[in-house]
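> Pasted the sequence and its predicted model underneath.
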Amino acid sequence: MEMEKTFHMNAGLGGSSYAQNSTMLQKRALNLGEPLLEESIL
């Protein structure tokens, strides 16, 4: 029987926690995609 590998999010308030980093990553993705979206609309 093969064990499934799972990776859990880091909990807590540290610099590597999901709560501290998720907003930053989402903002970065939006900032990278915004010019492409604007260009495609215009």
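Arrived safely, thanks for sending.

> And the pLDDT at the most centrally placed residue in the chain?
Centroid-nearest residue in the chain, with Cα atoms, centre = their mean: Leu25, separated by 4.1 Å. Looking at Leu25, its pLDDT reads 79.

> And what about the residue lying closest to Asn21 once chain neighbours are set aside, helix, strand or coil?
Nearest residue to Asn21, sequence neighbours excluded (Cβ to Cβ, 6 or more residues apart in numbering): Gly15, at 8.0 Å. Where you see a C-beta, it was placed from the backbone N, CA and C, and this is true even at glycine. Three-state assignment for Gly15 (DSSP: H, G, I helix; E, B strand; the rest coil): coil.

> Run the chain-centre distance for the helix or strand harbouring the residue nearest to the centre of the chain.
According to DSSP states H and E, Leu25 maps onto helix 18-41. Mean-position distance between helix 18-41 and its chain equals 9 Å (Cα atoms, centre = their mean, to the nearest Å).

> Poorly predicted segments of this protein, please.
Applying pLDDT under 70 to the chain flags residues 1, 9-12.

> Counting neighbours, what do you get for the residue nearest to Asn21?
8 (other Cβ atoms under 10 Å).

> so Gly14 makes contact with Gln20?
Yes - at 7.1 Å, Gly14 counts as touching Gln20 under the criterion of Cβ atoms under 8 Å.

> For these two, indicate the residue with more neighbours.
The neighbour comparison of Gly14 against Gln20 (other Cβ under 10 Å) goes to Gln20, with 13 against 10.

> which residues does the more buried one contact?
Going by Cβ atoms under 8 Å, 6 or more residues apart in numbering, Gln20 touches 13-14.

> and the gap between it and Gln26?
For Gln20, the distance to Gln26 (Cβ to Cβ, to the nearest Å) stands at 12 Å.

> Likewise for Glu39?
21 Å.

> Kindly report the same for Gly14.
Per Cβ to Cβ, Gly14 is found 19 Å from Gln26.
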